[in-house]
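# Got a predicted model here, sequence first, then my questions.
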Amino acid sequence: MFKILEANELTTNIFQMIVEAPRVASACLPGQFLIIRVDEDGERIPLTICDYDREKGTVEIVVQAIGAETYELSKLKAGDEIADVVGPLGKPSDLCEESIEDLKKKKIVFIAGGVGTAPVYPQAKWLKEHGVDCDVIIGAKTKDLVIMEDRFKSVCNLHITTDDGSYGRSGMVTKALQDLWDEGNKYDHCVAIGPMIMMKFVCKLTQELGIHTIVSMNPIMVDGTGMCGACRLTVDGQVKFACVDGPEFDGHKVDFDQAMNRMKLYKTEEGRLYLKAQEGKTHHGGCGNCND
């Protein structure tokens, strides 16, 4: 069992937790993720590592309650325990593999949308710790949905944009990127993390601008070890698995349309189970074949 040391609601339906997991904390790097089960009857859910503290032996996760299992997780408080925390899984950010001197020569921008803001933070923080500057664009529908603003301000040059113009710049993240580019910020490297549709259009723009772009893919996962095949993607015409080959890929080579069509297959079932969990009719995420 893994003890929750801290639990907070960041904004509507988005929750932050610090979990005691020394072995995971000792080995993880930015870009990697965990597989969590709330209890023994629970469904496995993948969650990107938002932060970690090797000395304290803790990892931080941010979760959005959109399905039955994430809803059950969001109800837990400090002092409660999670049955399973497996990780680190996936490959670390490719930034971690480059020399610091090479990174310092690049102008790097991160683009974060919604809950995708959380996995951007450890990468920006890692760069800051190694003396590398970066820009971060956080996009949200409205001011109330912006998360982790103060923490980002301490590690990067932060630009916030809201769809309704209620805070920061007005418009989508692609508009903010284009505006920054036009203002003289000629980026060499972009990392985009957020909804697939957002990443798709970011990649269309960065391809036009000639910016190398990495995306963190978030398809449905089951086991997180490449055995089930649920998270398969087509990248540069080849089948890849987000859990073992990623989750980060060259965004200009990802078949986003295929990935989004696969995601649609699961949405109706996920929504049904979420409503059941809220109504107290089920205690687990389900497999899609049961009616309880």
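Great, that's in hand. Numbers count the residues shown, from 1 in each chain.
# who are the neighbours in contact with the closest residue in space to residue 243 that isn't next to it in sequence?
In space, and not counting its chain neighbours, residue 243 is closest to residue 224: 4.7 Å by CB to CB, 6 or more residues apart in numbering. In short, each C-beta sits where N, CA and C put it, glycine included. Residue 224 sits next to 33, 35, 44, 46, 86, 89, 243 when contact means CB atoms under 8 Å, 6 or more residues apart in numbering.
# is it true that the last one touches residue 232?
So that's residue 243. No: between residue 243 and residue 232 there is no contact under CB atoms under 8 Å: 9.6 Å.
# Can you report how many residues lie near residue 171?
Applying other CB atoms under 10 Å, we find 16 residues neighbouring residue 171.
# List the contacts of the nearest residue to it once chain neighbours are set aside.
For residue 171, ignoring the flanking residues on the chain, the nearest one in space by CB to CB, 6+ apart is residue 161 at 5.9 Å. Contact analysis of residue 161 by CB under 8 Å, 6+ apart lists 137-140, 168-173, 175-176.
# ok so, going back, between residue 243 and residue 232, who's got more neighbours?
Neighbour count, other CB under 10 Å: between residue 243 and residue 232, residue 243 has more, with 27 against 19.
# Give the rounded mean pLDDT of the strand or helix carrying the more buried one.
For residue 243, the host element (DSSP states H and E) is helix 242-245. Averaged over helix 242-245, pLDDT sits at 87.
# Might you list the low-confidence residue ranges for the stretch 1-150 of the chain?
By pLDDT under 70, the stretch 1-150 of the chain has no low-scoring segment.
# Could I get the full set of strands for it?
Per DSSP state E, counting those that start in this stretch, the stretch 1-150 of the chain carries strands over the ranges 2-11, 14-20, 33-37, 45-53, 58-64, 81-82, 84-89, 108-113, 135-140.
# by contact count, what packs against the shortest one?
If you count contacts as 3 or more CB pairs under 8 Å, 6 or more residues apart in numbering; DSSP states H and E, strand 81-82 packs onto strand 2-11.
# from the chain's centre, how far out does the strand it packs on sit?
Distance of strand 2-11 from its chain centroid, counting by CA atoms, centre = their mean, to the nearest Å, is 17 Å.
# doesn't the residue nearest to residue 171 fall inside a strand?
Yes: the assignment for residue 161 is a strand, going by DSSP: H, G, I helix; E, B strand; the rest coil.
# Sounds good, over and out.
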